[in-house]
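J.: Sequence below, structure please.
(chains A and B)
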Amino acid sequence: QKEVEQDPGPLSVPEGAIVSLNCTYSNSAFQYFMWYRQYSRKGPELLMYTYSSGNKEDGRFTAQVDKSSKYISLFIRDSQPSDSATYLCAMSAWNNNDMRFGAGTRLTVKP
Amino acid sequence: GAVVSQHPSWVICKSGTSVKIECRSLDFQATTMFWYRQFPKQSLMLMATSNEGSKATYEQGVEKDKFLINHASLTLSTLTVTSAHPEDSSFYICSAGPGQGSNQPQHFGDGTRLSIL
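T.: Here you go, the predicted model:
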């Protein structure tokens, strides 16, 4: 079993839809959780960064962490074609030397 | 704006040549930087951890003599692919986070697409 599981998709939604992206993990020591967005042929861009359990909102993006279920989510409201990218979840237990990445979910938002 | 700069963004070269990729942290000092390799439609694969002033730590299966890493200053790490061959063609990405062992997340460069003919 991988430490971090993420459905690679692909996921295709119409413009304006609410998108839900998820990751599960097995290591209960993880306490820092990140979501990165990666456009084709570009490096990953940090979208959201959360510590421990709870929700964090930034514009159209909401990150949720449920440590009891070892489950994290990223919600995108009012999705736009410009949101089409690969979304990577990442997490670490203690510091940025020890990050673990999901496989990435490819999202396409159709106009 | 970008906090980690990577150069070049794309390089094409002949088999047998060596290629150097630079990674710079722009807004902070980075005691540690990370080098990843990414194949099409796959996730990031950590190759090595670059430590300022000391030897890099390589992941299992990564040839340290093939992928030379130098981290001579707190803002610059370089990856040199020596005697490159077509199988080394890939997308190489660096990342850095502020502070050694910091709980702040890594920021990534824009990657270098390496094509070996």
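J.: Do you know the pLDDT at residue 67?
T.: No chain specified, so I'll use chain A. A:Lys67 is assigned a pLDDT of 94 by the prediction.
J.: Wait, chain B was what I had in mind.
T.: B:Phe67 carries a pLDDT score of 97 in this model.
J.: Surely it is in contact with B:Glu59?
T.: No. Applying Cβ atoms under 8 Å as the test, B:Phe67 and B:Glu59 come out as separate, 10.3 Å apart. Using the backbone N, CA and C atoms, a C-beta is placed for each residue, glycine as well.
J.: Name the SS class of A:Leu46, please.
T.: Recorded secondary structure, A:Leu46: strand (DSSP: H, G, I helix; E, B strand; the rest coil).
J.: what sits in contact with each of B:Phe67 and B:Glu59?
T.: Shared contacts of B:Phe67 and B:Glu59, defined by Cβ atoms under 8 Å, 6 or more residues apart in numbering or on different chains, comprise B:Met47, B:Ala48.
J.: Of the two, which one has the most company?
T.: B:Phe67 (20 against 13; other Cβ atoms under 10 Å in any protein chain shown).
J.: Residues in a beta bridge with that one, which ones?
T.: The partner list for B:Phe67 in beta bridges (DSSP bridges) reads B:Val81.
J.: Now for it: which residues touch it?
T.: By Cβ under 8 Å, 6+ apart, B:Phe67 lies in contact with B:Trp35, B:Met47, B:Ala48, B:Tyr58, B:Leu79, B:Thr80, B:Val81, B:Thr82.
J.: try B:Asp65
T.: The neighbours of B:Asp65, taking Cβ under 8 Å, 6+ apart as the test, are B:Thr82.
J.: Just the buried ones out of the contacts of B:Phe67, please.
T.: B:Trp35, B:Met47, B:Ala48, B:Tyr58, B:Leu79, B:Val81 (16 or more other Cβ atoms under 10 Å in any protein chain shown).
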